[in-house]
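**Q** build the 3D model from these lines:
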Amino acid sequence: KIKYFLVSFVDLFGIQRAKLVPARAISEMQKTGAGFGGFATYLDLDYDAPDMFAVPDPDSLIQLPWQQEVGWLAADLVINDKPMDQCPRVMLKQQISKLKESGYYMYTGVECEFFLITEDGKEIYDSRDTASKPCYDVSALMRRYDVLKEISEAMIHLGWAPYQSDHEDANGQFEMNWDYSDCLTTADRHVFFKFMVKSIAENHGLRATFMPKPFENLTGNGCHAHVSVWTKNKKRNIFLNHKDELGLSRQGYNFIGGIMKSVDEFSAWLTPTVNSFERLNARMTDSGSTYSPTAITYSGNNRTHMIRIPDKGRFEFRVADGAVNPYLLQASLAAMGINGMEKNIWPGKRIDVNMYTEGKNLKDIKKLPNSLESSLRLLTDGKLPKKVFGEKIINSYEKLKKREISEYQKSNYASRANWARQNVIDC
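**A** Prediction:
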């Protein structure tokens, strides 16, 4: 029996906020929402702004598997009796509505990488996890069996259909996969997954981090997204074309084309911290790879590219990292893809080379931005973000992020890594 509810929302920086509501009061909260002072969050509201209200979505209810008397609810923000424009969940729902006008529904899955580390965040927890190529290492995987098992069984209990867990490319790094769903459900589960992993790890005396690049010499945490678009009730995958060499339809290629045209304009949302660019611009790691893209390219089943087409009827988007806002990830993918399909944007010829070794030899290849400052300029100067989400939201995000950059730059060079760790480790 649920005794308390966490009425939860996510601000523009992807930070999860909540109020704990006793069950006796939840029916009233369902009508009016839980009140918050928006100035205390990253939503660019002044101190004199009226209260905002988080109205819970009953369809999002999750009973905490590790604390079953508590239920978790995703909420939409309302202010002055209207949906709040800069609420990330509202922003995603607007793009879902846009797709729905054409009878389409975006389905996605996410691959959330994380490290299990010491309490102070300075080292991986497992001192024996020292292999130079630790990816899929069975011993390192099974030494964390107790934690991974509890998280996996929680997902089974919740009906997420998890299908695998593995030790990733960095020492102390793991990934757990569950089945894809409609993009709103995936975003809600993404938010909850991060909360769940951190909570269960803490119960085992560990600390979990999704920080993009917590260790200079190790591969960073990505958040790859797999995308397909379907007609109502998943009757037909409009990306699927069995006659195409890679199994993708014209609409699928147009969706990719839309991403390739505008991904740099959305990079400040997809790689949203100063630490993100330590992952994207990383030197070769101890394992011999970074697993992160630097150029705007697509290919077949080739992990060195920004977009990979691993199977018929879907593609994998590899830019976003562990700090990405789950709702803005889905909203930006939808916005770029819709634009690509509406304008029949062709992505060009695919590139079938190893971008890590041969990419530097390719001419006329557009690069991803290499700093948060440059990505913010592209966001504010870009046409599509303002057209889709409005100038006010874009300017608010820029203002908040410039404040963060200023704080980072005020710290001396030697302490910047510590600043990033302290401010991003719990993203």
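**Q** how about the contacts made by residue 239?
**A** By C-beta atoms under 8 Å, 6 or more residues apart in numbering, residue 239 lies in contact with 228-229, 248-249, 251-252, 255, 313-315. All C-beta atoms are positioned from the backbone trio N, CA, C, and that covers glycine.
**Q** for residue 225, same thing?
**A** 108-111, 316-317, 320, 329-330, 333.
**Q** again with residue 157
**A** So residue 157 contacts residue 65 (C-beta under 8 Å, 6+ apart).
**Q** that one: which element?
**A** Assessed by DSSP states H and E, residue 157 sits inside helix 145-158.
**Q** pull the residues that contact the helix or strand following that helix.
**A** Downstream of helix 145-158, the next assigned helix or strand under DSSP H and E is strand 162-167. Strand 162-167 is contacted by residues 134-138, 140-141, 148, 151-152, 155-156, 173-179 when judged by C-beta under 8 Å, 6+ apart.
**Q** on that earlier part again, report the distance from the helix holding residue 157 to the chain centre.
**A** 21 Å (C-alpha atoms, centre = their mean, to the nearest Å).
**Q** can I get that helix in PDB? Just the C-alpha atoms.
**A** Once non-C-alpha atoms are left out, helix 145-158 reads as follows in PDB (Å, rounded to 0.1, in the frame of the first residue of the first chain):
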ATOM      1  CA  TYR A 145      25.900  -8.700  -9.100                       C
ATOM      2  CA  ASP A 146      24.000  -7.700  -5.900                       C
ATOM      3  CA  VAL A 147      23.500  -4.100  -7.100                       C
ATOM      4  CA  LEU A 148      22.800  -4.900 -10.700                       C
ATOM      5  CA  LYS A 149      20.400  -7.800  -9.800                       C
ATOM      6  CA  GLU A 150      18.400  -5.500  -7.500                       C
ATOM      7  CA  ILE A 151      18.000  -2.900 -10.200                       C
ATOM      8  CA  SER A 152      17.200  -5.500 -12.900                       C
ATOM      9  CA  GLU A 153      14.600  -7.200 -10.700                       C
ATOM     10  CA  ALA A 154      13.100  -3.800 -10.000                       C
ATOM     11  CA  MET A 155      12.700  -3.100 -13.700                       C
ATOM     12  CA  ILE A 156      11.200  -6.600 -14.200                       C
ATOM     13  CA  HIS A 157       8.700  -5.900 -11.400                       C
ATOM     14  CA  LEU A 158       7.800  -2.600 -13.000                       C
END
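**Q** what are the buried residues along it?
**A** The neighbour-count check on helix 145-158 (16 or more other C-beta atoms under 10 Å) flags 147-148, 150-152, 154-155, 158 as buried.
**Q** repeat that for stretch 114-129.
**A** Applying 16+ other C-beta under 10 Å to stretch 114-129 flags 114-117, 121, 124-126, 129 as buried.
**Q** burial of residue 367, as a residue count?
**A** 12 (other C-beta atoms under 10 Å).
**Q** could you do residue 3 as well?
**A** Count around residue 3 with other C-beta under 10 Å applied: 11.
**Q** now swap in residue 308 and tell me
**A** There are 21 residues near residue 308, going by other C-beta under 10 Å.
**Q** ok, now the one 10 residues further on?
**A** Residue 318: 20 surrounding residues under other C-beta under 10 Å.
**Q** next, the angle from the longest strand along the chain to helix 145-158.
**A** Ranked by number of residues, the top strand in the chain under DSSP state E is strand 104-117. Orientation of strand 104-117 against helix 145-158 (axes from the mean of the first three to the mean of the last three C-alpha atoms, to 10 degrees) gives an angle of 160 degrees.
**Q** where exactly do the helices run in the protein?
**A** Along the chain, counting by DSSP state H, helices occupy 26-32, 88-100, 138-142, 145-158, 183-203, 250-262, 267-270, 276-280, 326-342, 355-358, 372-381, 383-389, 391-410, 416-424.
**Q** hang on, the earlier thing: just give me the least confident of the buried residues of stretch 114-129.
**A** Within the set of the buried residues of stretch 114-129, pLDDT is lowest for residue 121 (91).
**Q** so where's the stretch 251-400 of the chain shaky on pLDDT?
**A** Applying pLDDT under 70 to the stretch 251-400 of the chain flags residues 282-290.
**Q** how about a cut-off of 50?
**A** Regions of the stretch 251-400 of the chain meeting the criterion pLDDT under 50 are absent.
**Q** hmm, residue 182 and residue 330 touching each other?
**A** No - using C-beta atoms under 8 Å, residue 330 makes no contact with residue 182, being 9.7 Å away.
**Q** overlap in contacts, the two.
**A** residue 106.
**Q** who has more neighbours out of these two?
**A** Between residue 330 and residue 182, residue 330 has the larger neighbour count (other C-beta under 10 Å), namely 28 against 16.
**Q** so what's that one up against?
**A** With the criterion set at C-beta under 8 Å, 6+ apart, residue 330 makes contact with 92, 95, 106, 108, 183-184, 186-187, 225.
**Q** just give me the closest of those to residue 241.
**A** Among the contacts of residue 330, residue 106 lies closest to residue 241 (C-beta to C-beta), at 17.7 Å.
**Q** tell me the bridge partners for the closest one.
**A** Beta-bridge pairing for residue 106 (DSSP bridges): residue 229.
**Q** in this structure it contacts residue 183, no?
**A** Yes - at 4.5 Å, residue 106 and residue 183 qualify as touching, with contact defined as C-beta under 8 Å.
**Q** looking at the two, which is more packed in?
**A** Between residue 106 and residue 183, counted using other C-beta under 10 Å, residue 183 has the larger neighbour count: 30 against 23.
**Q** that one contacts residue 100, doesn't it?
**A** No - using C-beta under 8 Å, residue 183 makes no contact with residue 100, being 11.5 Å away.
**Q** so which pair among the buried residues of stretch 114-129 is furthest apart in space?
**A** Longest span within the buried residues of stretch 114-129, C-beta to C-beta: 121 and 129, 16.1 Å.
**Q** sorry, back to before: looking at the buried residues of helix 145-158, which is nearest residue 68?
**A** residue 154 (10.6 Å).
**Q** against residue 53, how distant is the closest residue to that closest one other than its chain neighbours?
**A** Spatially, and ignoring its direct neighbours in sequence, residue 154 is nearest to residue 65 (3.7 Å; C-beta to C-beta, 6 or more residues apart in numbering). For residue 65, the distance to residue 53 equals 28 Å [C-beta to C-beta, to the nearest Å].
**Q** who has more neighbours out of the two?
**A** The neighbour count for residue 65 versus residue 53, taken as other C-beta under 10 Å, is higher for residue 53 (23 against 17).
**Q** now for the closest residue to the more buried one other than its chain neighbours, how many residues are close by?
**A** Among residues not flanking residue 53 along the chain, residue 33 sits closest, at 3.0 Å (C-beta to C-beta, 6+ apart). Residue 33 is flanked by 22 other residues according to other C-beta under 10 Å.
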